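In: Predicted model, plus sequence, below.
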Amino acid sequence: MRLTVLGGGGFRVPLVHRALLDDRGDPAGRVSELVLHDTDRQRLDAIRVVLAHQAAHHPGPAPTVRTTTDLDEALRGTDFVFSAIRVGGPAGRTRDERVPLAEGLLGQETVGAGGVLYGLRTLPVAVHIAERIAAVAPHAWVINFTNPAGMVTEAMSRVLRDRGFGDRVIGICDSPVGLCRRAARALAVDPDRADYDYVGLNHLGWLRRVVVDGHDLLPGLLADSERLESFEEGRLFGAPWLQTLGALPNEYLHYYYFHREAVAAVRDAARTRGEFLHAQQDRFYAQVPADDPAGAYAAWERTRLEREETYMAESREATGGWQRDACDLEGGGYDRVALALMRAIARNERTTLILNVPNRTAVPALDAEAVVEVPCLVDAGGARPLSTGAVAPDQLGLMLALKAVERSTIEAAADGSRSAAVRALALHPLVDSVRVAERVLDAAGVR
């Protein structure tokens with residue numbers, strides 16, 4: 001089975017490769033060939049050296065690895081496509097952060113004005129990729145890692161659906177699974193034994209129930225402030241607010257519920273997250289020794305750990321300056337979800353995963369094609385969203401507002417509509433003025 005990774009020179013690709021090495025399932029359903037595509041040959045070469053070390057020091061079979069800068073060559077004949085591109089690279093991310101900050105708005109990669117700017121830049125490329133998949137690999141399944149994941153998944157889904165290939169684009173994110181597993185550990189239960197009731201859009205969701213043997217254990221966790229604040233989301237939001245909500249929010253909702261504090265923390269930091277990662281990754285890729293796989297792997301592991309330790313550092317600083325737990329520094333998340341998804345489809349191993357998929361009828365207030373982030377039943381036929389039932393008014397209100405933002409961004413990216421771009425920014429709950437939205441677009445070069 002062949003897997004193609006777009007953005008194959010990306011820093012997190014070794015985590016995907018590691019998950020493939022650890023796959024001990026039916027050999028007929030394992031990935032035997034890994035194709036890495038990137039527009040940057042230096043990055044491809046660096047990551048390939050890291051993968052060579054991982055494969056050499058791992059027992060059992062390893063997929064052959066091939067690299068290319070030709071998109072059609074990478075796609076042709078593949079079974080699965082992992083789309084993990086970053087259009088504009090780290091420099092584009094830093095502009096998405098700094099331009100809103102200059103107007104007093106949140107500077108963040110996927111949330112607020114920065115997320116809209118990122119979407120405007122990324123969506124045309126993602127749509128082109130979907131068109132090439134339809135042309136040269138129409139039966140491939142597409143697993144989208146690319147942010148902003150919700151709107152990118154929706155735009156790519158439209159391309160394949162309009163060409164008669166059905167819902168073959170599935171978006172994934174590691175935030176929901178991380179939240180669920182941390183909540184289960186706080187409850188002292190095996191995370192794999194629990195069922196999770198989660199609803200939302202990408203980077204805008206809530207865990208509403210944790211069910212073990214037919215019993216919802218979340219009320220007990222919410223009632224216990226000490227246990228509630230023993231894991232990341234509890235420390236981030238504080239027990240009183242979580243008890244008021246009656247649910248556990250995705251970590252990215254910190255930017256909504258504690259907006260002023262988040263903006264102040266980002267503004268006061270010496271560097272934005274994008275600037276930190278830009279400098280960090282430039283150092284890594286510039287120093288990877290092509291003739292020393294062990295040294296390359298050691299450099300990658302040091303860089304990965306530093307990246308995990310500093311994740312959402314500004315938000316943690318704004319809520320007391322606490323450090324991440326060791327179990328949350330292991331890295332990955334995306335890779336495990338992606339492998340579970342791929343195995344379910346390739347081997348018909350039925351499982352339930354929280355994914356970004358077209359809504360169908362899962363969330364009653366949203367239309368069938370709106371991509372939502374909900375638990376899905378996955379097998380050889382793909383991912384089918386499970387019904388969420390009624391959604392709390394405060395949660396649904398945010399979901400509807402953000403879906404309007406996503407749809408306007410998709411429209412603006414598709415036809416270059418300035419009015420749609422202004423609408424996308426001005427309708428965002430974290431943008432407080434139409435005039436500010438217009439200035440942000442002007443500063444970002446969106447005409």
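Out: Alright, I've got the coordinates.

In: Where does residue 58 sit: helix, strand or coil?
Out: Here residue 58 is coil, with the state taken from DSSP: H, G, I helix; E, B strand; the rest coil.

In: Can you tell me the number of residues neighbouring it?
Out: 14 (other Cβ atoms under 10 Å). Yep, even glycine has a C-beta here, placed from its N, CA and C like the rest.

In: So for it, what's the pLDDT?
Out: Note on residue 58: pLDDT of 89.

In: immediately after the helix or strand of the chain with the lowest mean pLDDT, which helix or strand?
Out: Here the helix or strand of the chain ranked lowest by mean pLDDT, DSSP states H and E is helix 313-318, holding a mean of 68. Next helix or strand after helix 313-318 toward the C-terminus (DSSP states H and E): helix 334-347.

In: got a list of contacts for that following helix?
Out: 1, 3, 12, 15-16, 18-20, 23, 25-26, 29, 31, 79-80, 82, 141, 143, 145, 170, 172-174, 177, 349-351, 353, 355, 378-380, 382-383 (Cβ atoms under 8 Å, 6 or more residues apart in numbering).

In: switch the cut-off to 7 Å
Out: 1, 12, 15-16, 18-19, 23, 25-26, 29, 80, 82, 141, 143, 145, 170, 172, 174, 177, 349-351, 353, 378-380, 382 (Cβ atoms under 7 Å, 6 or more residues apart in numbering).

In: Please convert the buried members of those into ChimeraX selection syntax.
Out: This is how ChimeraX selects the buried members of the contacts of helix 334-347, with burial counted by 16 or more other Cβ atoms under 10 Å:
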select :1,12,15,16,18,19,23,80,82,141,143,145,170,172,174,177,349,353,378,382
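
In: Let's see which of the contacts of helix 334-347 end up in strands.
Out: Residues from the contacts of helix 334-347 lying in strands, with DSSP state E as the criterion: 80, 82, 141, 143, 170, 351, 353, 378, 379, 382.

In: quick one, what contacts residue 29?
Out: The contact partners of residue 29, by Cβ under 7 Å, 6+ apart, come to 1, 343, 346, 347.

In: which among these gets closest to residue 103?
Out: residue 343 (45.3 Å; Cβ to Cβ).

In: Could you check how many residues crowd around the closest one?
Out: Neighbour tally, residue 343, other Cβ under 10 Å: 19.

In: okay, it: pLDDT?
Out: Confidence score, pLDDT, at residue 343: 93.

In: now swap in the one 3 residues further on and tell me
Out: At residue 346 the predicted local confidence, pLDDT, stands at 94.

In: Quick one: residues in contact with stretch 419-438.
Out: By Cβ under 7 Å, 6+ apart, stretch 419-438 touches 103, 105-106, 112-113, 116, 120, 255-256, 259, 398, 401, 404-405, 408-409, 411-412, 440-441, 446.

In: Extract the residue ranges of the stretch 301-447 of the chain that are flagged as low pLDDT.
Out: Low-confidence segments of the stretch 301-447 of the chain (pLDDT under 70): 313, 316-318, 321-332.

In: any idea how far residue 337 is from residue 180?
Out: Residue 180 sits 11 Å away from residue 337, taking Cβ to Cβ, to the nearest Å as the criterion.

In: So residue 222 lies in a helix, does it not?
Out: Yes. Membership of residue 222 in a helix is supported by three-state DSSP.

In: If we only consider the ones in strands among the contacts of helix 334-347, which is nearest to residue 214?
Out: Of these, the one sitting nearest to residue 214 (Cβ to Cβ) turns out to be residue 351, at 19.4 Å.

In: was I right about that closest one contacting residue 378?
Out: Yes. Here residue 351 lies in contact with residue 378, judged by Cβ atoms under 7 Å, at a distance of 5.5 Å.

In: ok, now which ones touch the nearest residue to residue 5 once chain neighbours are set aside?
Out: Closest residue in space to residue 5, ignoring its immediate chain neighbours: residue 82 at 4.6 Å, by Cβ to Cβ, 6 or more residues apart in numbering. Counting by Cβ under 7 Å, 6+ apart, residue 82 makes contact with 3, 5, 6, 16, 143, 145, 338.

In: Also residue 107?
Out: Here residue 107 is in contact with 97, 98, 100, 101, 114, 266, 272 (Cβ under 7 Å, 6+ apart).

In: 8 Å instead, please
Out: So residue 107 contacts 96, 97, 98, 99, 100, 101, 114, 266, 267, 272 (Cβ under 8 Å, 6+ apart).

In: between these, which is closest to residue 223?
Out: The nearest one, if we look at the contacts of residue 107 relative to residue 223 and count by Cβ to Cβ, is residue 266, at 33.0 Å.

In: Now do the contacts for the closest one.
Out: Residues near residue 266 by Cβ under 8 Å, 6+ apart: 97, 101, 106, 107, 108, 272, 314.

In: now residue 383
Out: Neighbours of residue 383 in contact, by Cβ under 8 Å, 6+ apart: 167, 170, 341, 353, 355, 357, 376, 377.

In: Does the residue nearest to it when sequence neighbours are not counted belong to a helix, a strand or coil?
Out: Spatial nearest neighbour of residue 383, excluding adjacent residues (Cβ to Cβ, 6+ apart): residue 376 at 4.1 Å. Three-state assignment for residue 376 (three-state DSSP): strand.

In: How much space separates residue 376 from residue 176?
Out: Residue 376 is 11 Å from residue 176, by Cβ to Cβ.

In: Tell me the residues that contact both of these two, please.
Out: The contact sets of residue 376 and residue 176 overlap at residue 354 (Cβ under 8 Å, 6+ apart).

In: Please say which of those two ends up with more neighbours.
Out: When residue 376 and residue 176 are compared for neighbours, residue 176 comes out ahead with 28 against 22, by other Cβ under 10 Å.

In: Next, count neighbours for residue 30.
Out: Using other Cβ under 10 Å: residue 30 sits among 19 other residues.

In: In contact with the spatially closest residue to it that is not a sequence neighbour, which residues are there?
Out: Closest residue to residue 30 apart from its sequence neighbours, by Cβ to Cβ, 6+ apart: residue 23 at 5.4 Å. Counting by Cβ under 8 Å, 6+ apart, residue 23 touches 30, 31, 339, 343.

In: quick one on the thing from earlier: quickly name whichever of the contacts of residue 82 is closest to residue 298.
Out: For these, the nearest to residue 298 is residue 16 (19.4 Å; Cβ to Cβ).
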